[in-house]
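> Quick one: sequence plus predicted model below, questions after.
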Amino acid sequence: MPSLDRITFDPNVMGGQACIRGMRIPVSLILNLLANGNKWEEILAEYPDLEMGDMEQALEYAKQMYSTPEDDSGRLSSNYLFHFTPKIDAIKEIIRTGFRFSLQNEKIPYKEEFQQIFAVCFCDIKIKEAKVHRRDYGNNAMVMTKWWGVRMGVSPVVYIHENSAPVYKDYRSLQKKFDDLIERNEMRPDKAAFYTLIWTLLIDSGELKLDGLEESIRANEKVHSLIHDMEVEFNRFKAYLNESGNYAYFHKFIYSFTLRIHELLFHLKQRDALTRSYHGQVKGKLKVLYDEREWRAINFGYSPEFPRILDTQKPLSDIDESSLLLGDRYYREGAKNQGWLPPVHNLTFSDDDIVAILVQDENHIEEIWELIRSKQTLLHFDTVKDKIHPIDQFSENI
């Protein structure tokens with residue numbers, strides 16, 4: 001087993017996380033950068049204290065963490081990621097082009113709101129315990145290594161209920177209302193952050209209320225006047241600094257400050273997109289979603305406005321385009337593709353990333369073989385031919 005002497009654990013450095021040579025550079029940072037498409041040389045340029053050997057050991061450490069242990073009898077979860085589907089044609093499409101991002105319209109445990117995201121979903125339920133899951137999601141499956149999932153940014157979701165921290169009432173209200181206001185006015189990130197500060201100041205002073213926030217800003221003359229006065233005062237301060245020759249530096253400071261706030265809000269939205277309700281509806285039946293042990297990849301790079309919190313579960317095709325917000329226009333691409341992002345965004349894989357391809361019965365094995373033999377897939381027949389099994393004959397120790 002390769003040496004991991006560059007991987008250190010110090011309770012006084014990053015809370016004891018696995019780090020590189022005692023520095024405040026956690027292994028998870030390197031993995032996240034790679035999952036987001038950064039090249040090795042780009043990471044080394046951004047972090048000059050890193051060396052190529054550090055990168056190699058970070059990957060080896062993660063690979064060992066997510067590889068199959070010799071004895072997994074006591075594990076509660078599978079060593080693998082399963083993507084179940086009821087249709088053999090879906091398996092064929094996956095091995096041709098990869099996993100597609102589909103539009104998920106999910107109930108979140110706050111009032112009657114829904115969250116829309118584009119995601120690819122997996123679970124790590126052991127196959128022998130997946131009877132209920134297979135009933136709901138199908139008897140064909142792609143079985144992937146967890147190491148592949150980590151590299152591709154697939155993460156376990158966090159299940160929340162009505163009293164969980166991410167459902168804090170004021171936070172959810174602010175997020176949704178500020179999203180709507182920013183998108184309706186098509187604000188740039190720095191301007192959006194600046195106005196978010198103004199609105200927050202007015203809420204803290206009691207001049208604005210969360211309920212009816214947009215109506216107050218648009219229709220309340222007093223609030224309109226207060227926002228105007230703040231803008232005037234800020235512009236007067238800018239003019240004063242400009243006369244004294246200090247405005248350039250101040251502009252850099254305030255621009256950077258507001259941009260960081262906008263990024264923080266976006267990162268919070270990313271975190272929220274990795275949450276699911278503890279219980280919800282699956283095919284019309286109430287189910288404890290916590291039992292699904294879901295992992296998911298979410299497409300964040302396609303649009304800076306995603307994910308979104310909505311007040312409707314209306315299908316995209318039923319939404320009047322003229323009523324869409326700036327961020328909602330993103331949905332049109334998914335609507336045109338029947339709820340799927342274009343193939344350029346697919347999660348792809350190689351032969352070594354595949355643990356197994358499971359089909360409902362033996363009759364479909366030859367179909368999959370023939371497709372792979374056609375050389376029109378991501379896989380090579382000689383490498384994966386022995387990884388295709390009827391689902392009821394598959395064992396995780398196969």
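Thanks, I have it.

> Okay, now the unreliable bits of the stretch 151-300 of the chain?
Across the stretch 151-300 of the chain, the ranges flagged by pLDDT under 70 are 165-194, 209-220, 258-259, 262, 265, 300.

> now the strands: where do they sit in it?
Listed in chain order, the strands of the stretch 151-300 of the chain (DSSP state E, counting those that start in this stretch) span 155-156, 158-160, 275-277, 279-282, 285-288, 294-298.

> Run through who's touching the first one.
By Cβ atoms under 8 Å, 6 or more residues apart in numbering, the residues outside strand 155-156 that reach it are 124, 274, 293-297. From N, CA and C alone the C-beta is placed, and that goes for glycine too.

> Pull the distance from that strand to the chain's centre.
Offset of strand 155-156 from its chain centre (Cα atoms, centre = their mean, to the nearest Å): 9 Å.

> can I see the domain layout of the protein?
As assigned by automatic domain parsing, the chain contains the domains 7-65, 77-157+274-398, 167-273.

> got TSV for these, with mean neighbour count too?
TSV is the format used below for those (neighbours: other Cβ atoms under 10 Å):
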stretch	mean neighbour count
domain 7-65	15
domain 77-157+274-398	17
domain 167-273	15
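
> just to revisit the earlier point, between the contacts of strand 155-156, which is nearest Trp199?
Leu274 (26.7 Å; Cβ to Cβ).

> Ramachandran coordinates for that closest one?
Backbone geometry at Leu274, expressed as degrees, to the nearest 10, gives phi -100, psi 20.

> Relative to Leu197, how far out is the nearest residue to it once chain neighbours are set aside?
Sequence neighbours aside, Val157 is the residue nearest to Leu274 in space, at 5.3 Å (criterion: Cβ to Cβ, 6 or more residues apart in numbering). From Val157 over to Leu197 the distance is 31 Å, taken as Cβ to Cβ, to the nearest Å.

> Need phi/psi at the residue lying closest to Glu93 once chain neighbours are set aside.
Nearest non-adjacent residue to Glu93, counting by Cβ to Cβ, 6+ apart: Arg100, 7.5 Å away. The phi and psi values for Arg100, taken as degrees, to the nearest 10, are phi -90, psi 150.

> so who does Arg100 touch?
Applying Cβ under 8 Å, 6+ apart, the residues contacting Arg100 are 93-94, 120, 340-341, 343, 345-346.

> now, which of these sits nearest Ala62?
Nearest to Ala62, judged by Cβ to Cβ, of those is Val120 at 19.9 Å.

> Name the residues linked to that closest one by a beta bridge.
Ala297 (DSSP bridges).

> quick one: contacts for it?
83, 99-102, 154, 296-297, 347.

> any idea of the angle the helix ranked longest in the chain forms with strand 294-298?
Counting residues, the longest helix in the chain under DSSP state H turns out to be helix 247-273. Angle between the axes of helix 247-273 and strand 294-298 is 150 degrees (criterion: axes from the mean of the first three to the mean of the last three Cα atoms, to 10 degrees).

> Can you report phi and psi for Val355?
With angles defined as degrees, to the nearest 10, Val355 sits at phi -90, psi -50.

> Hmm, it is touching Lys387, no?
Yes - the pair Val355 and Lys387 qualifies as a contact (Cβ atoms under 8 Å) at a distance of 7.0 Å.

> ok, which stretches of the stretch 201-350 of the chain are helices?
213-219, 221-243, 247-273, 331-336 (DSSP state H, counting those that start in this stretch).

> Make JSON lines from these and add distance to Tyr47 to it.
Below are those laid out as JSON lines (distance: least, Cβ to Cβ, whole Å):
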{"stretch": "helix 213-219", "distance to Tyr47": "41"}
{"stretch": "helix 221-243", "distance to Tyr47": "35"}
{"stretch": "helix 247-273", "distance to Tyr47": "19"}
{"stretch": "helix 331-336", "distance to Tyr47": "34"}
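
> now stretch 14-25, how far from the centre of its chain.
Using Cα atoms, centre = their mean, the offset of stretch 14-25 from its chain centre is 24 Å.

> ok, residues contacting that stretch?
6-10, 13, 26-28, 30, 47, 49-50, 54, 57-58, 61.

> quick one: which of those sit in helices?
27-28, 30, 54, 57-58, 61.

> which of the residues you listed has the weakest pLDDT?
Scanning the ones in helices among the contacts of stretch 14-25 for pLDDT, the low point is Ser28. It has 84.

> Which strands or helices does the helix or strand containing Asp382 pack on?
Assigned by DSSP states H and E, Asp382 belongs to helix 381-384. Secondary-structure packing of helix 381-384 (3 or more Cβ pairs under 8 Å, 6 or more residues apart in numbering; DSSP states H and E): helix 365-373.

> hey, C-alpha coordinates of the helix it packs on in PDB?
Provided in PDB are the C-alpha atoms of helix 365-373 (Å, rounded to 0.1, in the frame of the first residue of the first chain):
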ATOM      1  CA  ILE A 365     -27.800  -9.300 -20.700                       C
ATOM      2  CA  GLU A 366     -27.300 -10.100 -24.400                       C
ATOM      3  CA  GLU A 367     -28.800  -6.700 -25.300                       C
ATOM      4  CA  ILE A 368     -26.300  -4.900 -23.200                       C
ATOM      5  CA  TRP A 369     -23.400  -7.000 -24.600                       C
ATOM      6  CA  GLU A 370     -24.500  -6.200 -28.100                       C
ATOM      7  CA  LEU A 371     -24.600  -2.500 -27.400                       C
ATOM      8  CA  ILE A 372     -21.200  -2.400 -25.800                       C
ATOM      9  CA  ARG A 373     -19.800  -4.500 -28.700                       C
END
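
> what about that helix, distance to the chain center?
Worked out by Cα atoms, centre = their mean, helix 365-373 lies 33 Å from the chain centre.

> Which strands or helices does that helix pack on?
helix 88-97, strand 354-359, helix 381-384, strand 388-390.

> Let's have those in TSV, adding distance to Leu76 and mean pLDDT.
TSV is the format used below for the helices and strands packed on helix 365-373 (distance: least, Cβ to Cβ, whole Å; pLDDT from 0 to 100):
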stretch	distance to Leu76	mean pLDDT
helix 88-97	27	96
strand 354-359	19	96
helix 381-384	29	95
strand 388-390	24	96
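
> With only the CA atoms kept, save stretch 264-278 in PDB.
The C-alpha coordinates for stretch 264-278 follow below in PDB (Å, rounded to 0.1, in the frame of the first residue of the first chain):
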ATOM      1  CA  LEU A 264     -21.600  33.200   0.700                       C
ATOM      2  CA  LEU A 265     -25.300  33.300  -0.100                       C
ATOM      3  CA  PHE A 266     -24.700  31.100  -3.100                       C
ATOM      4  CA  HIS A 267     -22.700  28.600  -1.100                       C
ATOM      5  CA  LEU A 268     -25.500  28.500   1.500                       C
ATOM      6  CA  LYS A 269     -27.900  27.700  -1.400                       C
ATOM      7  CA  GLN A 270     -25.500  24.900  -2.500                       C
ATOM      8  CA  ARG A 271     -25.700  23.500   1.000                       C
ATOM      9  CA  ASP A 272     -29.400  23.700   1.000                       C
ATOM     10  CA  ALA A 273     -29.600  21.800  -2.300                       C
ATOM     11  CA  LEU A 274     -28.000  18.900  -0.600                       C
ATOM     12  CA  THR A 275     -30.900  18.600   1.900                       C
ATOM     13  CA  ARG A 276     -34.100  16.600   1.700                       C
ATOM     14  CA  SER A 277     -37.100  16.300   3.800                       C
ATOM     15  CA  TYR A 278     -37.100  13.500   6.300                       C
END
